[in-house]
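Visitor: all I have is the shape, not the residue letters:
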Ligand SMILES: *Cc1c(COP(=O)(O)O)cnc(C)c1O
């Protein structure tokens with residue numbers, strides 16, 4: 001059962017480690033969202049994961065609803081994954097030659113998804129960057145369309161924000177990305193077919209590709225409405241552009257394929273990561289055989305990687321995917337629904353306004369303001385209408401009660417197959433206090 005909060009150790013050791021980290025690493029972290037900037041406080045340094053729980057450097061245990069931002073679909077330290085990885089490591093960790101596990105992982109991905117061929121890479125960022133290069137190489141066109149609030153990794157051309165007006169060329173979203181790099185990026189509001197039609201009317205024969213998250217999860221969960229993916233695929237086809245579906249977050253997580261398993265829209269190119277690496281750096285992009293044939297060494301579009309298809313990473317990914325059966329996905333759906341109901345009950349009891357949105361087992365809780373009447377958040381502007389301090393109060397109350405949520409209001413909550421009835425009971429016990437903490441925050 002959940003340890004009561006006064007049994008929990010103050011995070012002294014995490015504070016110490018964070019001070020040391022901050023002296024040698026910008027912001028003390030190797031990826032910004034880990035720094036707790038959106039919720040305040042000291043990030044917890046974890047020392048161990050087992051099943052549904054993670055343990056911090058001060059010995060506090062947490063039910064984990066981040067799952068390494070998705071990859072740990074089966075929970076932490078799954079015995080079969082660990083055994084396969086240990087066996088792989090004992091044979092050496094990298095040869096820079098082709099190996100059997102990378103063939104098997106590629107075969108598994110091809111069997112689960114509509115892609116004919118895949119190329120393995122080491123991160124989701126690399127996958128989307130390479131897919132864009134391929135799309136531009138194949139079409140001979142420069143412009144790409146992306147949607148505000150969709151995240152595709154830290155690819156320069158995709159770190160763009162929209163200017164004013166609906167159809168505008170992107171402005172660099174961060175110092176260090178040049179205006180020239182984003183000049184060919186068109187940023188549109190999500191779930192807005194008219195904006196897409198207008199962009200193609202203006203720039204049609206210059207657009208190489210439309211890239212979108214298959215179901216966005218990086219502005220909170222904002223699913224496509226009215227077959228938006230189908231509309232994008234048709235519009236691309238009619239205009240000689242390619243449709244790239246980014247399933248780095250959703251792939252192999254919400255069905256055995258990804259969001260594709262829900263809407264069935266076949267993209268020209270797809271990107272994968274997270275779950276397919278089983279907790280190691282492995283990602284992929286893939287698509288139609290005729291498109292993938294343009295990649296070196298078969299074709300002329302260059303792409304490469306020293307550690308691509310690494311035998312330890314591909315073994316972890318392959319073992320994870322083989323264990324991710326239809327029964328596992330059914331259980332994840334059920335666990336997610338149970339959790340959503342628990343959260344809704346706790347927030348309603350305290351009169352906290354909220355919206356819960358889901359795409360398969362992926363869901364997020366929006367702390368909307370008291371005046372919001374919208375039944376659905378459909379784009380980034382909608383996702384921005386949240387009472388962020390309310391999420392921060394909720395987050396910290398959950399943390400103090402032993403539940404580790406994503407430390408930002410703009411993230412999905414990730415369930416794992418290791419969440420059993422005891423873990424769910426711990427979450428249920430933590431929720432009333434967290435709902436009270438959220439209710440105490442002014443609108
Ligand atoms: C996480 C993510 C990426 C980036 O993957 P990294 O491995 O962090 O580079 C790309 N696209 C989506 C949809 C993601 O969720």
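Guide: It's in. Please read all numbers here as calculations on a predicted model, not as lab measurements.

Visitor: now do the same contact list for the residue nearest in space to the middle of the chain.
Guide: Nearest residue to the geometric centre of the chain (Cα atoms, centre = their mean): residue 249, 3.4 Å. Residue 249 makes contacts with 69, 70, 213, 217, 218, 273, 274, 362, 412, as judged by Cβ atoms under 8 Å, 6 or more residues apart in numbering. Where C-beta positions appear, they are placed from N, C-alpha and C, glycine not excepted.

Visitor: what about 10 Å?
Guide: By Cβ atoms under 10 Å, 6 or more residues apart in numbering, residue 249 lies in contact with 69-70, 124, 151, 213-218, 221, 258-259, 272-275, 359, 362, 412, 414.

Visitor: distance of it relative to the ligand?
Guide: Distance of residue 249 to the ligand, given as Cβ to the nearest ligand atom, to the nearest Å: 3 Å.

Visitor: secondary structure class for that residue?
Guide: coil (DSSP: H, G, I helix; E, B strand; the rest coil).

Visitor: residue 438 against residue 348, yeah?
Guide: No. In this structure, residue 438 is not within contact of residue 348 by Cβ atoms under 10 Å, at 11.8 Å.

Visitor: all helices for the stretch 251-400 of the chain, in order.
Guide: Shown for the stretch 251-400 of the chain, the helices assigned by DSSP state H, counting those that start in this stretch span residues 260-263, 289-292, 311-323, 326-349, 380-384, 388-400.

Visitor: same deal with the stretch 1-150 of the chain?
Guide: Under DSSP H, counting those that start in this stretch, the stretch 1-150 of the chain gives helices at 12-24, 79-90, 100-112, 124-139.

Visitor: can you tell me which of these is packed in deepest?
Guide: Most buried of the helices of the stretch 1-150 of the chain, by mean neighbour count (mean count of other Cβ atoms under 10 Å): helix 124-139, with a mean of 24.

Visitor: distance from the chain centre to that helix, please.
Guide: In terms of Cα atoms, centre = their mean, to the nearest Å, the centre of helix 124-139 is set 18 Å apart from its chain centre.

Visitor: and stretch 190-209, end to end?
Guide: Using Cα to Cα, to the nearest Å, one end of stretch 190-209 lies 16 Å from the other.

Visitor: list the buried residues of it.
Guide: 190-192, 195-196, 199-200, 203-204, 206-209 (16 or more other Cβ atoms under 10 Å).

Visitor: report the separation between the closest residue to the ligand within the chain and residue 153.
Guide: Closest to the ligand within the chain is residue 124: 2.1 Å, counting by Cβ to the nearest ligand atom. To residue 153, residue 124 is 5 Å away according to Cβ to Cβ, to the nearest Å.

Visitor: quick check: neighbours shared by the two?
Guide: Joint contacts of residue 124 and residue 153 (Cβ under 10 Å, 6+ apart) are 246, 248, 271, 273, 283.

Visitor: CSV for those residues, including distance to residue 63?
Guide: Output for the shared contacts of residue 124 and residue 153, formatted as CSV (distance: Cβ to Cβ, whole Å):
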residue, distance to residue 63
246, 29
248, 25
271, 30
273, 24
283, 27
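
Visitor: dump the helices of the stretch 1-150 of the chain to JSON lines, plus mean pLDDT.
Guide: Below are the helices of the stretch 1-150 of the chain laid out as JSON lines (pLDDT from 0 to 100):
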{"stretch": "helix 12-24", "mean pLDDT": "97"}
{"stretch": "helix 79-90", "mean pLDDT": "98"}
{"stretch": "helix 100-112", "mean pLDDT": "98"}
{"stretch": "helix 124-139", "mean pLDDT": "98"}
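
Visitor: looking at the ones you listed, which is nearest to residue 366?
Guide: Minimum separation from residue 366 across those (Cβ to Cβ) falls at helix 124-139, 24.0 Å.

Visitor: can you give me the strands for the stretch 51-200 of the chain?
Guide: Here the stretch 51-200 of the chain has its strands, by DSSP state E, counting those that start in this stretch, at 53-56, 61-64, 117-121, 143-147, 160-162, 168-172, 185-188.

Visitor: select from these the stretch with the lowest mean pLDDT.
Guide: Of all the strands of the stretch 51-200 of the chain, strand 168-172 carries the lowest average pLDDT, namely a mean of 75.

Visitor: that strand: which residues count as buried?
Guide: 169, 170, 171, 172.

Visitor: ok, stretch 238-247 next?
Guide: Going by neighbour count (16+ other Cβ under 10 Å), the buried part of stretch 238-247 is 239, 241, 242, 243, 244, 245, 246, 247.

Visitor: now swap in stretch 54-61 and tell me
Guide: Buried, per 16+ other Cβ under 10 Å, within stretch 54-61: 54, 55, 56, 57, 58, 60, 61.

Visitor: distance to the ligand for the residues you listed - can I get that in TSV?
Guide: Output for the buried residues of stretch 54-61, formatted as TSV (distance: Cβ to the nearest ligand atom, whole Å):
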residue	distance to the ligand
54	19
55	24
56	23
57	24
58	28
60	26
61	26
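
Visitor: any idea how far the closest residue in space to residue 113 that isn't next to it in sequence is from residue 273?
Guide: Nearest residue to residue 113, sequence neighbours excluded (Cβ to Cβ, 6 or more residues apart in numbering): residue 257, at 4.7 Å. Going from residue 257 to residue 273 by Cβ to Cβ gives 14 Å.

Visitor: do residue 211 as well
Guide: For residue 211, the distance to residue 273 (Cβ to Cβ) stands at 14 Å.

Visitor: also residue 143?
Guide: Distance, residue 143 to residue 273, using Cβ to Cβ: 25 Å.

Visitor: please apply the same query to residue 410.
Guide: Using Cβ to Cβ, residue 410 is found at 19 Å from residue 273.

Visitor: out of those two, which sits in the busier spot?
Guide: residue 273 (30 against 21; other Cβ atoms under 10 Å).

Visitor: so that one sits against residue 130, correct?
Guide: No. At 11.8 Å, residue 273 does not count as touching residue 130 under the criterion of Cβ under 10 Å.

Visitor: find the residues that touch each one of those two.
Guide: 121, 283, 284, 285.

Visitor: in JSON lines, list the residues you listed along with distance to residue 92 and neighbour count.
Guide: Formatted as JSON lines, those follow (distance: Cβ to Cβ, whole Å; neighbours: other Cβ atoms under 10 Å):
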{"residue": "121", "distance to residue 92": "21", "neighbour count": "27"}
{"residue": "283", "distance to residue 92": "22", "neighbour count": "28"}
{"residue": "284", "distance to residue 92": "23", "neighbour count": "32"}
{"residue": "285", "distance to residue 92": "27", "neighbour count": "31"}
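
Visitor: could you identify the pair within those residues that is furthest apart?
Guide: Spatial extent of the shared contacts of residue 273 and residue 130 (Cβ to Cβ) is set by the pair 283 and 285 at 7.7 Å.

Visitor: quickly list what's touching both of those two.
Guide: 118-121, 124, 126-128, 130, 248, 271-273.

Visitor: how far away is residue 28 from residue 18?
Guide: Counting by Cβ to Cβ, the gap from residue 28 to residue 18 is 5 Å.
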